[in-house]
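*Asks:* test case, fold it:
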Amino acid sequence: MENDNANSTKNKPVHEIRMGAIKCVVWANKAGDNGVMYNVVPVRLYRIGDGDWNETHSLGRDDLLVAAKLLDAAHTWICETEQSERKSKRSQES
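*Replies:* Sure, this is the predicted structure:
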């Protein structure tokens, strides 16, 4: 089991999109010579009573359309980011 100090040194998401209790978290992973590979994790936030907020990856029926919209927004963000990175790389090479 990891302690809090180990968790604070972990990578952080590069982007997060939230609508209500649903969010999509975008992670960047280096893919060697191929640049960056982005992964998206949908998350539902909830809390029991007045306790701390918790996260689950289990989505209910009413969460699905919101998650679909957020996944679409994440896809758009990734495509725009990759395009910007390619453009920047080309300008550095010339």
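*Asks:* just name the shakiest helix or strand of the protein by mean pLDDT.
*Replies:* Across the helices and strands of the chain, the lowest-confidence element by mean pLDDT, DSSP states H and E is helix 4-8, at a mean of 48.
*Asks:* who are the neighbours in contact with S58?
*Replies:* Applying Cβ atoms under 8 Å, 6 or more residues apart in numbering, we find S58 in contact with R44. Heads up, the C-betas are built off the backbone N, CA and C, glycines and all.
*Asks:* residue ranges with poor pLDDT in this protein?
*Replies:* 1-9 (pLDDT under 70).
*Asks:* can you point me to the longest strand in it?
*Replies:* In the chain, with assignment by DSSP state E, the single longest strand is strand 36-47.
*Asks:* partners of the helix or strand following the least confident helix or strand of the chain in the sheet?
*Replies:* Later in the chain than helix 4-8, the nearest helix or strand by DSSP states H and E is strand 15-19. Sheet pairing of strand 15-19 (DSSP bridges) gives strand 22-30 (antiparallel).
*Asks:* K23 against V40, yeah?
*Replies:* No. With contact defined as Cβ atoms under 8 Å, K23 does not count as touching V40 (10.4 Å).
*Asks:* list the buried residues of the longest helix along the chain.
*Replies:* Taking DSSP state H as the criterion, the chain has its longest helix at helix 64-93. Under the neighbour-count criterion of 16 or more other Cβ atoms under 10 Å, helix 64-93 has 66-67, 70, 73-74, 77-78, 81 buried.
*Asks:* ok, so of those residues, who is nearest K87?
*Replies:* For the buried residues of helix 64-93, the closest approach to K87 (Cβ to Cβ) belongs to T81, at 10.7 Å.
*Asks:* V66 versus that closest one, what's the distance?
*Replies:* 22 Å (Cβ to Cβ, to the nearest Å).
*Asks:* which non-adjacent residue is nearest G20?
*Replies:* Nearest residue to G20 in three dimensions, chain neighbours excluded: V66, at 6.4 Å (Cβ to Cβ, 6 or more residues apart in numbering).
*Asks:* kindly apply the preceding question to H75 instead.
*Replies:* V40 (7.9 Å).
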